[in-house]
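**Q** all I have is the shape, not the residue letters:
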């Protein structure tokens with residue numbers, strides 16, 4: 001169902017699931033557009049709660065029918081909301097107009113702009129942030145929505161600059177209880193970046209082929225006058241764009257790609273590389289992020305921006321001042337000589353790339369990987385065979401308990417102990433522990449000054465970062 005209500009009569013918008021990674025910034029976008037905004041959620045925590053407080057947007061802790069009195073003009077239903085939710089049931093009973101978050105963007109924010117969509121299994125958040133920052137630095141005043149907190153924009157994940165481009169991260173996850181198609185099919189791409197295509201979201205997709213089908217549908221929405229950039233070293237992406245009606249360009253680290261990055265070096269806490277387009281020099285880039293994956297993300301953003309007329313010097317200035325999205329190799333603190341870093345990685349490929357980047361940043365240092373199986377895919381056995389190889393790049397591996405383990409059968413649920421055993425068979429110390437507290441205790445006892453602890457989760461790992469820093473600080477106090 002859609003909300004067939006003219007914008008002129010919509011004054012109050014209520015968001016169900018307002019604490020979601022995209023819902024909270026969309027609440028901010030609505031408020032900036034002059035709407036009165038409210039919402040409901042459970043167990044709100046930063047960055048969503050911080051953002052909403054800074055914008056003076058009220059929300060209800062918990063879902064209750066009375067939260068809809070008086071009735072709002074429009075309810076935006078987050079994709080985590082299911083039938084049985086008391087507010088959703090009241091919306092349906094009273095025929096209060098409702099829509100999904102992607103539908104809201106499609107109807108009220110994307111029209112009038114060139115829609116630039118960044119999609120892919122990995123790298124889409126960083127690429128979106130890089131492209132938005134490039135356009136901003138070039139004075140293009142983009143509207144944008146990033147699926148993570150961007151320090152370059154004052155720790156905001158959205159902006160309404162009013163310029164020509166709307167840059168948006170395209171998520172392949174489903175849209176709402178009444179719309180099981182991917183979110184990104186609502187974003188009407190004029191230009192499209194596809195960073196990667198692997199199996200993920202095992203709770204809604206049966207296999208890679210079912211995800212690839214959705215990417216082909218996204219490609220089919222790009223008009224003839226549009227353009228698509230794909231990672232040129234991916235067979236799956238090449239197949240996805242095989243029937244595109246528009247121009248397709250490739251980016252990668254091999255010379256057969258249209259956009260190629262070469263001479264990659266890491267020194268003085270920055271990555272330097274040269275960029276060529278079909279063999280012709282475009283720019284020499286220096287950016288304070290590490291890892292091959294970040295070079296690819298930057299290359300995609302460079303290719304898209306260059307094609308839209310952004311000068312090479314503006315691109316260079318932007319990437320030289322780019323600050324990585326929160327929870328992407330984010331240094332959270334150091335205590336008793338142990339550096340604690342957080343990353344969003346929760347897929348074997350992302351874990352491997354993150355560990356490789358950590359090796360680049362901190363060569364010669366012992367690296368601990370602390371992993372929380374929290375996402376709907378990581379909780380399952382889907383990656384049980386591929387995780388050990390990725391994790392063996394660390395010097396020590398600690399696996400926390402499977403999140404919401406009781407909701408999965410024994411046959412379906414990932415076994416942290418089995419993974420730890422496989423990692424140990426590869427010559428790397430590993431353990432499966434029953435809680436974040438136990439992980440913190442283990443690290444506080446075993447990590448030495450000079451070590452790096454890389455905490456990887458798409459959530460907050462039950463506060464592991466804070467717990468660990470407190471224990472390390474206490475350890476240092478005992479020593480003094």
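**A** Received the coordinates, thanks. Predicted, not measured: the structure shown is a model, and the values here were computed from it. Numbering: from 1, shown residues only.

**Q** does the residue most central in space within the chain lie in a helix or a strand, and which?
**A** Per C-alpha atoms, centre = their mean, the C-alpha nearest to the average position across the chain is that of residue 125, at 4.4 Å. According to DSSP states H and E, residue 125 maps onto helix 124-137.

**Q** next, the contact list for the residue nearest to the centre of the chain, please.
**A** 146, 147, 148, 169, 325, 328, 344 (C-beta atoms under 8 Å, 6 or more residues apart in numbering). (Each C-beta comes from the backbone N, C-alpha and C, glycine too.)

**Q** who wins for neighbours among the residues you listed?
**A** Tallying neighbours with other C-beta atoms under 10 Å puts residue 146 at the head of the contacts of residue 125, with 29 neighbours.

**Q** these two touch, right, that one and residue 324?
**A** No - the pair residue 146 / residue 324 is not scored as a contact, 12.0 Å apart, by C-beta atoms under 8 Å.

**Q** picking up where we left off before, quick one: which of the contacts of residue 125 is nearest to residue 399?
**A** residue 344 (17.0 Å; C-beta to C-beta).

**Q** how much space separates the residue nearest to the centre of the chain from residue 258?
**A** Distance of residue 125 to residue 258, given as C-beta to C-beta, to the nearest Å: 24 Å.

**Q** for residue 112, same thing?
**A** For residue 112 relative to residue 258 (C-beta to C-beta), the value is 30 Å.

**Q** residue 284 too?
**A** 18 Å.

**Q** which of these two has more residues huddled nearby?
**A** residue 258 (17 against 12).

**Q** excluding its backbone neighbours, what's nearest the more buried one?
**A** Once flanking residues are discounted, residue 258 sits nearest to residue 249: 4.3 Å by C-beta to C-beta, 6 or more residues apart in numbering.

**Q** list the contacts of the one you found.
**A** For residue 249, counting by C-beta under 8 Å, 6+ apart, the contacting residues are 227, 228, 229, 230, 258, 259, 303, 307.

**Q** can you list the strands that the strand or helix carrying the fourth one pairs with?
**A** When you say that, I think you mean residue 230. Using DSSP H and E, residue 230 sits within strand 227-231. According to DSSP bridges, strand 227-231 has the following sheet partners: strand 191-194 (parallel), strand 247-252 (parallel).

**Q** okay, the angle between that strand and helix 124-137?
**A** 130 degrees (axes from the mean of the first three to the mean of the last three C-alpha atoms, to 10 degrees).

**Q** how far is stretch 66-76 from where the chain is centred?
**A** How far stretch 66-76 lies from its chain's middle: 30 Å, per C-alpha atoms, centre = their mean, to the nearest Å.

**Q** now swap in stretch 244-259 and tell me
**A** That offset, for stretch 244-259, works out to 24 Å (C-alpha atoms, centre = their mean).

**Q** average pLDDT across that stretch?
**A** The average of the pLDDT scores along stretch 244-259 is 97.

**Q** buried set for that stretch?
**A** 244, 246, 248, 249, 250, 251, 252, 253, 257, 258, 259 (16 or more other C-beta atoms under 10 Å).

**Q** count of residues packed around the closest residue to the fifth one other than its chain neighbours?
**A** With C-beta to C-beta, 6+ apart as the criterion, residue 250 has its nearest non-adjacent residue at 2.8 Å, and that residue is residue 232. Residue 232 sits with 19 neighbouring residues when counted by other C-beta under 10 Å.

**Q** repeat that for residue 381.
**A** The burial count for residue 381: 16, using other C-beta under 10 Å.

**Q** from residue 225, how far out is residue 472?
**A** Taking C-beta to C-beta, one finds residue 472 at 56 Å from residue 225.

**Q** where along the stretch 301-450 of the chain do the strands fall?
**A** Applying DSSP state E, counting those that start in this stretch to the stretch 301-450 of the chain gives strands spanning 330-335, 338-343, 367-371, 396-399, 429-432.

**Q** re earlier: need the strands paired with strand 227-231 in TSV with distance to residue 359, can you?
**A** Listed next are these as TSV, based on distance: least, C-beta to C-beta, whole Å:
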stretch	distance to residue 359
strand 191-194	27
strand 247-252	21
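
**Q** show me what the element among helices and strands of the chain having the smallest mean pLDDT is packed up against.
**A** Lowest on mean pLDDT, DSSP states H and E among the helices and strands of the chain sits helix 464-479, with a mean of 87. Applying 3 or more C-beta pairs under 8 Å, 6 or more residues apart in numbering; DSSP states H and E, one finds that helix 464-479 contacts strand 330-335, strand 338-343, helix 436-446, strand 452-456.

**Q** of these, give the one that comes closest to residue 363.
**A** So among the helices and strands packed on helix 464-479, strand 452-456 is nearest, using C-beta to C-beta, at 10.7 Å.

**Q** angle of the closest one against strand 330-335?
**A** Going by the same axes, to 10 degrees, strand 452-456 makes 140 degrees with strand 330-335.

**Q** any idea how far the residue nearest to the centre of the chain lies from residue 171?
**A** 10 Å.

**Q** need the overlap of contacts for those two.
**A** With C-beta under 8 Å, 6+ apart, residue 125 and residue 171 have common neighbours residue 147.

**Q** what sits against the closest residue to residue 47 other than its chain neighbours?
**A** With sequence-adjacent residues excluded and distances taken as C-beta to C-beta, 6+ apart, residue 47 is closest to residue 149, at 4.8 Å. Counting by C-beta under 8 Å, 6+ apart, residue 149 touches 47, 155, 156, 157, 325, 326, 327.

**Q** tell me which two of these sit farthest apart.
**A** Top of the distance list for the contacts of residue 149 (C-beta to C-beta): 156 and 327, 15.1 Å.
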